[in-house]
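Okay, predicted coordinates and the sequence, questions at the end:
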Amino acid sequence: MNCQDVINLYQIWNVYQEVVAANEENNRNRVRRWWAKPHIRHNYLQGYGGYRSVFLYFKLNDEEEFYRFTNLTIHQFNFVFEILKPFLVKRSRRPPLPAQLRFAAVLNYLAKGDSQLKNAWFTSIGESTMYAIVPEVCKIISQQLVPRYVRQPSSADFKRVAEEFEQVLHFPHCIGTIDGRHCPIRQPKHSGSAYYNYKKFFSLNMMAICDVHQRFLMFNLGGYGSFNDAFTFNNSDICEMLQDNQAIPIPELLPNSNIMAPYYLIGDGGFPNEYFQLPIESYQAKN
């Protein structure tokens, strides 16, 4: 490259910088057609579309449809909403969205998995507003409810779970059932095939323990979708808790016998044998 080539490149770079600066200036000076679109501005007085005509109607008249809309009963919704309400209230120069609308719109999005744009149309709020409130409300739910209701079970908790398994299913010493689930995601940038699972889509791997009533006791979310259940388990907080062995009740006699047996989890054949009761077919295959 000679001197003339360098000069030409420098001139091209200067022109490019001027064009970029001009575009930025135009964007800053661009006059918006409206502060809020007409159909959205109209809703400040009319009740936000489907929020008034569907959600509030279900809440007042149809609990079955309300549950399908939010995956919560009316009592559960009101209970959780009262906890979150102080954190859901927004302050703005314009009339802010009602806190209950923000919560209901996000619950419906999480329950049904529709697009955020469709939820914005349904509630007659701005598309960008819907994109903003989903992570905001999810963060509030996580910050306020997780410390209150999601904690590492104690030895007494596991004993209670084992007693319920024995009462309901006649299965003694079981402290929970465990399995993994692939949660679909968009492929993160520069991730290659790390999140691509055997089911042919991109996912995060969630590992969870449930009691006999199908309620979460512990969960771990964040493993690559390409990892199998055994690898995800071995690198999870759940495995660390089991290895620590402080929360697991000590072995006791089985009911109506003199056989000393440990407490265990029920899992499929993909998990290590140390902490699990394997399925019957897997046990027979090994013997």
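That came through, no problem. Numbers count the residues shown, from 1 in each chain.

and the closest residue to Pro262 other than its chain neighbours, how far is that from Ala162?
Leaving aside its sequence neighbours, Pro262 sits nearest to Pro251 (Cβ to Cβ, 6 or more residues apart in numbering; 4.4 Å). C-betas here are computed from N, CA, C, even on glycine. Taking Cβ to Cβ, to the nearest Å as the measure, Pro251 and Ala162 are separated by 12 Å.

Neighbour count: these two, which is higher?
Taking neighbours as other Cβ atoms under 10 Å, Pro251 and Ala162 compare with Ala162 leading, 22 against 13.

Can you give me the pLDDT of the more buried one?
Confidence per residue is given as pLDDT, and for Ala162 that number is 91.

go on, the one 5 residues further on?
Model confidence at Gln167, given as pLDDT, is 91.

what about Gln167, how many residues close to it?
Neighbours around Gln167, by other Cβ under 10 Å: 10.

ok, so what distance separates it from Leu221?
With distances taken as Cβ to Cβ, Gln167 is found 30 Å from Leu221.

Give me the below-cutoff pLDDT ranges for the stretch 1-150 of the chain.
Counting by pLDDT under 70, the low-confidence segments of the stretch 1-150 of the chain come to 1-11, 22-50.

Now do the buried residues in stretch 209-228.
Along stretch 209-228, these residues count as buried under the neighbour rule (16 or more other Cβ atoms under 10 Å): 209-212, 217-220, 223-227.

In strands, which of these fall?
If you go by DSSP state E, those have 209-210, 217-220, 223-224 in strands.

Let me know the closest of these to Arg181.
Each of those was scored against Arg181 by Cβ to Cβ, and Phe219 proved nearest at 9.7 Å.

bridging residues for that closest one?
Beta-bridge partners of Phe219, counted by DSSP bridges, are Ala208.

Can you give me the pLDDT of it?
Spelled out, the predicted local distance difference test score at Phe219 is 85.

got it, and His213?
pLDDT, the model's per-residue confidence, is 90 for His213.

doesn't Glu164 make contact with it?
Yes - using Cβ atoms under 8 Å, His213 makes contact with Glu164 at a distance of 7.3 Å.

got the ones in strands among the buried residues of stretch 209-228 as JSON lines, with distance to Gln243 columns?
As requested, those are exported to JSON lines (distance: Cβ to Cβ, whole Å):
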{"residue": "Ile209", "distance to Gln243": "15"}
{"residue": "Cys210", "distance to Gln243": "21"}
{"residue": "Leu217", "distance to Gln243": "17"}
{"residue": "Met218", "distance to Gln243": "14"}
{"residue": "Phe219", "distance to Gln243": "18"}
{"residue": "Asn220", "distance to Gln243": "14"}
{"residue": "Gly223", "distance to Gln243": "17"}
{"residue": "Tyr224", "distance to Gln243": "22"}
